[in-house]
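> A predicted structure for the sequence below; I have some questions about it.
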Amino acid sequence: MIEFRKEFFADERDDNLNEVGKPTRRQDILGHVTGRSPYFDDHLFDGLLHIRCVRSPHHHARIRRIDIAEAQSMPGVVRVLVGRDVPRNLNTLLSLLDFGIDDEPLLAETKVAYKGEPVAAIIAETEAQARAAVARVRVDWDVRPHVLDVEEAIKPGAPVVCEVYQTNKFIYHGKYDHQKLRYGDVEAAFARADHIVEGRYQMSPIEQAPIETCGAIAAPEVNDRYVCYTSTQALFFSLGTAAKMLTMPSNRLHFIGGTVGGGFGGKVDSLHEPIAILGAMLTGRPCKFAWDREEEMQVGAPRGAERWYIKDGVARDGRILARKFTGYFDSGAYTRLSSYAIIKGVGHLPGPYTIPNVHADVYCVFTNRTPATAMRGFGITGVDFAIEAHMDKVAEAVGMNPIDLRILNSYRDGDMKAHRRVAKNTALIECCQVVADKAGIALQASSRAASSLRDGGGERGRLPAHTALDQKGTVTGIDTGGYARKGGAPGRPAQPVPMPGYSMPAAATAAPRPPAQTPARPAATAASVASSQSTTPPPPPAQPANTTDRPRQGAMRFSSISGLRRR
Amino acid sequence: MIQSVETHATIAEAQRAMGADAIYMAGGTLVMRDVNAGVTATRIVRSSDPVLADIRLSGDGVTIGAGVTMAMIAVHRDLTFLAPVARSVGGPQIRNMATVGGNLFAPHPYGDFAVAMLALGARVSVAGQSAAPRPIADVLRERGRIGLVASVQVPRPQAPADFGFLKASRIKPKGVSVLSIAAYLPRQGGRIRGARVAFGAMGPMPLQASAVERVLDGQSLDAATITRAAQVAVEGLDPPTDPLATTWYRREVAGVHLKRLLERMARG
Amino acid sequence: MAKTPIVFVLNGAERASFAEPGQNLLEFLRRGVGDLSPKYGCGQGTCGACTVTIDGQTHLACLTLAESVTGRRVQTAAGLATGATLHPLQEAFMENFAAQCGYCTPGMLISAKALLDRNPNPSREEVVEAISGNICRCTGYEPIIEAILAAAKGRARA
């Protein structure tokens, strides 16, 4: 039963608005109850063709040869698509925001990096005929060793999952093989803490499992355009992705969507639209490409698995003095949106608590698992599980009621967060108090008296006097497109050293731009990274996917966790 | 890929029409999945024989046509002992479609109704065979090559408390079995005579728990007997690991669920 | 492959169309007949989005062979309203916010209608049981249950 506690934020709310705060009918409800809401598949086309993919049975394999001859002669088969039919068969979703390197083909040509990765697409008169022809495509696989664990994947000698990222780690900002957060000095604080509490937390992948599976129908329109009905959650994102991969101006694509049978983050990957449109382009007929339930579960990108290590330095009275995170996001075989999930997640650290020293190294790791993508609060939910489980562990270590411990360490209005924004509209203390009431838990008098509106700011609102910096995990020679260049030296072209095979800088000064504050600690961990590099001979340089593109001026960057800002 | 669908007037004709390229479809809840996935034979054989939908009572037994649905069992006033079993299969739509005959062929983890049939010692009539009905345990063991099932003959327990059924699933009210248990414990003078206990989802097919039956036979259903029965619950069973539960988990909880079922039956 | 002519009654009106061999009722209704209200969610009988009634009993269209409806009466969500007048269940779903994405709604409505047709005053448990074969992944079960109970009450008054 929902209970509104209107005493909170009362001065920020107006209860006399016409619509806000009042029950209302959904504007699309009439279509829903009459069965007339037009989902992507609710559009009938005469002569509709059906597309089904030939998929890898292996986690990791090179493709020696794809033989489509027999499939092409099967009854009802109109066309078989392979990678070379895709005009630009390499993409990364966030390239539309100039973030990351193109790393994923629409149809794999040389190797597959996860079980179920598509290597060909059959276009046939009926779905049953397409299924029958899928079984007749012969692929000569050279099965390679695979890696399914994030920490195994970043060990020297691990199989290279994604050619673009030779160490199986996403490159952040053109500089680091992980996303960093440095706030204060955790090591110094650990040295004066009464307790050190450590924990390891593992989350599994979660499938969004919308009732409507992902799909799209594309058809030639008059005036040399293509119409595309799609289940996408991100219509213009899918439009941009299709235009890029088909090297076609977006004004030739007429995308129709918005009626989505459940998405929960699982319908942003824009895999169906380019294939359906390509089918329509090459056959001249309407084409439907949709997953069945088995595909939705097996190859539909889930919320990625995460592994977190948390180390807290805690005072005897329960105050957390320092918190150090090491996180591994399992991105699966390609980047999709995991790189962004980490940016968001790191901005959230150390959770809704005011901790004066925070340190995080979070890695976006490539493994031979199904690529991960968005799902409801991704980047936050996993680490929140880790943080809250860890808070209970800390409470146990210091002998405190877990709710008292949370209130004691809770952020309050005016406090400085580790991502260097001042906290406002905080309400954790009040939430904890209500929870304790409901659960019949007696709180300490100080917890009962606490308020998010009091005792924040002041000393707690100031940045740490000293923040320990380091250059651990520095990577050079990476061309990540205009985004990273803008963040580094504006206008300067990317260093000519082709990636991959990153080299470590001799010293911190090799970084593209010196840090704003002089590092108090030298790159203490650089040696281990350097040695791991030396054991892996650099493979032959791959051509960066987007060398032909001039960097866009005024490129976007993730300047805040809550959105994008043009610089 | 399906090339043709044939509907035969009698089950015997349907039996004759079968072949390596054919699959028999009753309610469709199992076969249509494969048809939709394109992984089945090229001919679908069906039968419109009205005898398949018959439920005939005879003395202390009942003959149930292979085409009788779970929904028909669930509402039949003389089969109340089987109603909880029928209601545990699928959701309402599945129960309107799924048949008694089809359930005998349901792969793991389905086939809860067959578990009850095994515990009750049902006998199975095969289409086109004049031979005596065969014990269900044989039919389950040879179900890949048994032929078409025409009907199932099921003993009716003398006292309702003699038969009990339990299904453990993760989702309620509709969920697939972590395991299911059926127990038929006829009692004479307070002692169990001819105990039959069967487990579902604890092996490749419904399996009898002989060790449990040995413990129960000749005893009264008291706390000590129930405890001893629970201790030997998994003897001879071979539970698989699947997305619902691991082998370890199924072995751990089998005795717990058996104990709960037997305690419920002891209370009457 | 010979297609099979199928004559049946859909939402009270006689219809005829051709089914491909082995075609399921869901695809037949949607592509063959043009009734798009039953939805594809799994093709395996687990989600309930394709629920229709055949001679008054709920069936999963994706697991029903198209030709098995020959001569029978099929009802889908598209046939619930009478002209512009909505069925009380449809009104109740609208009033009670009993849909989010709406994809499970047609199947949910059919399961609810089959319940109320045989049991006009169901208990809450009976409602839960009746829709247990229909998954709502937006997890809006509570408003759906409330809507079905509200529709039953409204009908009892009328």
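Noted; the coordinates are in hand. Numbering: from 1, shown residues only, chains lettered A, B, ... in the order given.
> center of chain B - which residue?
B:Ala114 (0.9 Å; CA atoms, centre = their mean).
> what's in contact with the host helix or strand of A:Val54?
For A:Val54, the host element (DSSP states H and E) is strand A:49-55. In this structure, residues lying in contact with strand A:49-55 by CB atoms under 8 Å, 6 or more residues apart in numbering or on different chains are A:66, A:71, A:78, A:81, A:107, A:115-127, A:129-131, A:133-134, A:137, A:139, A:275-276, A:279, A:283, A:285-289, A:295, A:299. No exception for glycine: its C-beta is placed from N, CA and C like everyone else's.
> out of those, who's near chain C?
Counting by CB under 8 Å from any CB of the partner chain, A:Thr126, A:Glu127 from those sit close to chain C.
> so which of the contacts of strand A:49-55 belong to helices?
Judged by DSSP state H, helices contain the following of these: A:Ala71, A:Glu127, A:Gln129, A:Ala130, A:Arg131, A:Ala133, A:Val134, A:Ile275, A:Ala276, A:Gly279, A:Thr283, A:Glu295.
> so which two of the residues you listed are the farthest from each other?
By the measure CB to CB, A:Thr283 and A:Glu295 form the most distant pair in those, at 21.7 Å.
> surely C:Lys113 touches C:Leu80?
Yes. In terms of CB atoms under 8 Å, C:Lys113 counts as a neighbour of C:Leu80; the distance is 6.8 Å.
> circling back to that earlier point, out of the ones in helices among the contacts of strand A:49-55, which is nearest to chain C?
Of all these, chain C sits closest to A:Glu127, with 8.0 Å by CB to the nearest CB.
> pLDDT value on that closest one, please?
Listed pLDDT for A:Glu127 reads 95.
> that one: how many residues sit nearby?
For A:Glu127, the neighbour count with other CB atoms under 10 Å in any protein chain shown is 23.
> residues touching it, list them.
For A:Glu127, the contact set (CB under 8 Å, 6+ apart) comprises A:His50, A:Arg52, C:Glu27.
> could you rerun that using 10 Å?
For A:Glu127, the contacting residues are A:48-52, A:76, A:288, A:290, A:292, B:36, B:38, C:20, C:23, C:27, C:31, by CB atoms under 10 Å, 6 or more residues apart in numbering or on different chains.
> what separation is there between the most centrally placed residue in chain C and C:Ala49?
For chain C, C:Ile110 is the residue whose C-alpha lies nearest the centre (CA atoms, centre = their mean; 3.1 Å). According to CB to CB, to the nearest Å, C:Ile110 stands 10 Å off from C:Ala49.
> identify the contacts common to these two.
Common neighbours of C:Ile110 and C:Ala49, using CB under 10 Å, 6+ apart, are C:Pro38, C:Ala61, C:Asn134.
> the last one: which element?
C:Asn134 is part of no helix or strand, with elements assigned from DSSP H and E.
> burial count for it?
For C:Asn134, the number of neighbouring residues by other CB under 10 Å comes to 28.
> now swap in the second one and tell me
C:Ala61 has 28 neighbouring residues, counting by other CB under 10 Å.
> and the pLDDT at it?
On pLDDT, C:Ala61 comes in at 98.
> so what's it up against?
By CB under 10 Å, 6+ apart, C:Ala61 lies in contact with B:93, C:24-30, C:35, C:38-40, C:49-52, C:54, C:69, C:74, C:76, C:107, C:110.
> in strands, which of those residues fall?
Among the contacts of C:Ala61, the members found in strands (DSSP state E) are C:Thr51, C:Val52, C:Ile54, C:Val74.
> nearest to chain B, of these?
Taking the ones in strands among the contacts of C:Ala61 together and measuring to chain B by CB to the nearest CB, the closest member is C:Thr51, at 5.6 Å.
> in this structure the closest one contacts C:Ala114, no?
Yes. Using CB atoms under 10 Å, C:Thr51 makes contact with C:Ala114 at a distance of 8.4 Å.
> more neighbours: the two, which one.
A count of neighbours by other CB under 10 Å puts C:Thr51 above the other of C:Thr51 and C:Ala114, at 32 against 22.
> what is in contact with C:Thr51 and C:Ala114 at once?
B:Pro92, B:Gln93, C:Thr58, C:His59.
> doesn't the third one fall inside a strand?
So that's C:Thr58. Yes. Membership of C:Thr58 in a strand is supported by DSSP: H, G, I helix; E, B strand; the rest coil.
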